[in-house]
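Q: Take a look and give me a structure for this.
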Amino acid sequence: MSDAQAGSDPIEQHTASDTETPTREGQYGVGPFTIREVAILAFWAVAFLASFFSIWGRAFSSVWMSGIEWILLIGAPTVAVFLIVLRRFSPEGIRRVGSLGIDQFASVVFSVSALLWLQYIWSTIATVAGRGPWLTTWVIWVEFFAMLALVFLTVFAPYVAPFDEDFRGRPEVPAHRNARPVRAVIPRPAPAPAPKPETGPVATSEPQTSSMTEAFAPLGDPYAAETRDTDTGAPAEDTGWAPTPAYARSGYDPSAPDAEDAPAPAASEQPFWALVPVERDVVDEATGAPMFRIGPTAWALVVADRGSSFLVRHEDGRVGVLNDVSGVTRG
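A: Below you'll find the model as predicted:
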């Protein structure tokens with residue numbers, strides 16, 4: 001890639017800076033945890049302890065007693081923090097939840113929990129604005145700001161020092177298949193047009209002869225071998241004429257080989273669609289130079305099947321030879 005192209009592509013510059021080799025193999029922290037992970041544990045501990053207090057003022061009812069809302073309010077964030085801790089003590093253990101990495105999963109559950117706690121605050125303020133009583137306690141405020149801090153430490157930490165050091169210099173690993181870029185959608189190939197029947201001259205039968213001797217000569221009649229004069233009955237003079245055999249008039253030649261013994265044509269001229277398993281070169285028939293490539297993401301039109309090779313037509317009209325026809329799927 002040229003310097004001009006590299007300077008005009010900010011995505012590639014950002015990727016290169018993310019995968020830059022770190023100056024040291026590890027990073028400093030507090031015990032086995034980094035500064036960011038210690039902050040996550042601290043804010044989660046505050047939210048977890050506050051969850052055991054009542055969120056309603058008139059009757060005791062903690063978040064653990066509010067149906068199944070506790071799963072998203074405090075349960076899922078607790079699981080996310082547990083996975084962050086487990087990752088430090090078992091690096092080869094659980095690395096992702098579904099197609100999400102542990103940090104991605106934590107950012108999602110912290111964001112959902114913060115929105116639900118914000119809903120409690122919004123409902124309380126709306127009730128008070130409508131001259132209603134203040135029904136909730138300080139717990140919803142503590143929980144909301146604790147989850148908001150956890151969102152900051154997971155979603156925005158890669159852009160804020162010193163928390164960004166957690167994300168710099170991480171080793172490259174293959175992405176989960178659900179997190180990879182999607183494949184291009186291509187139209188289905190149209191069915192190949194049926195070949196038109198060849199039109200040729202219509203065979204016509206020869207006119208029948210009026211001579212009885214000519215008709216019976218091929219059947220072995222000894223008296224039809226010579227022509228007699230109709231007036232005297234004497235043999236007519238030899239004029240060099242011989243009757244035409246019946247097989248010659250019908251177009252059959254006994255000396256010709258049978259149709260079953262005739263060799264079959266080596267190539268098929270009927271076009272069809274083909275899909276190769278991997279990308280392959282289509283070369284020029286005369287020079288052997290590559291002309292274009294066909295791959296597994298699009299069907300190619302084969303205009304002739306030569307047995308060990310295909311004659312392939314490109315969308316722009318170019319025609320080349322595909323020499324490797326192994327594993328090809330016919331459409």
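
Q: Tell me, how many residues neighbour Gly317?
A: For Gly317, the tally of surrounding residues (other C-beta atoms under 10 Å) stands at 6. C-beta: built from backbone N, CA, C; applies to glycine.

Q: Next, the contact list for it, please.
A: By C-beta atoms under 8 Å, 6 or more residues apart in numbering, no residues touch Gly317.

Q: Arg306: neighbouring residues, count only.
A: 15.

Q: cool, Ala192 as well?
A: Residues near Ala192, counting by other C-beta under 10 Å: 14.

Q: Spit out the contact partners of the closest residue to it other than its chain neighbours.
A: Leaving aside its sequence neighbours, Ala192 sits nearest to Pro271 (C-beta to C-beta, 6 or more residues apart in numbering; 4.8 Å). If a contact means C-beta under 8 Å, 6+ apart, then Pro271 has Ala192, Pro193, Leu301, Val302, Val303, Ala304 as its contacts.

Q: The stretch 101-250 of the chain: helices as residue ranges?
A: 102-129, 139-151, 212-216, 246-250 (DSSP state H, counting those that start in this stretch).

Q: deepest of those, which one?
A: helix 139-151 (a mean of 21; mean count of other C-beta atoms under 10 Å).

Q: other SSEs contacting that helix?
A: Contacts defined by 3 or more C-beta pairs under 8 Å, 6 or more residues apart in numbering; DSSP states H and E place helix 139-151 against helix 35-50, helix 102-129.

Q: Would you reformat those as JSON lines and include mean pLDDT?
A: Formatted as JSON lines, those follow (pLDDT from 0 to 100):
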{"stretch": "helix 35-50", "mean pLDDT": "94"}
{"stretch": "helix 102-129", "mean pLDDT": "93"}
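
Q: Out of those, which is closest to Ala59?
A: Closest approach to Ala59 among these is made by helix 102-129 (15.7 Å; C-beta to C-beta).

Q: Which strands or helices does the closest one pack on?
A: Looks like helix 102-129 contacts helix 76-89, strand 96-97, helix 139-151 (3+ C-beta pairs under 8 Å, 6+ apart).

Q: Good, we can wrap up now.
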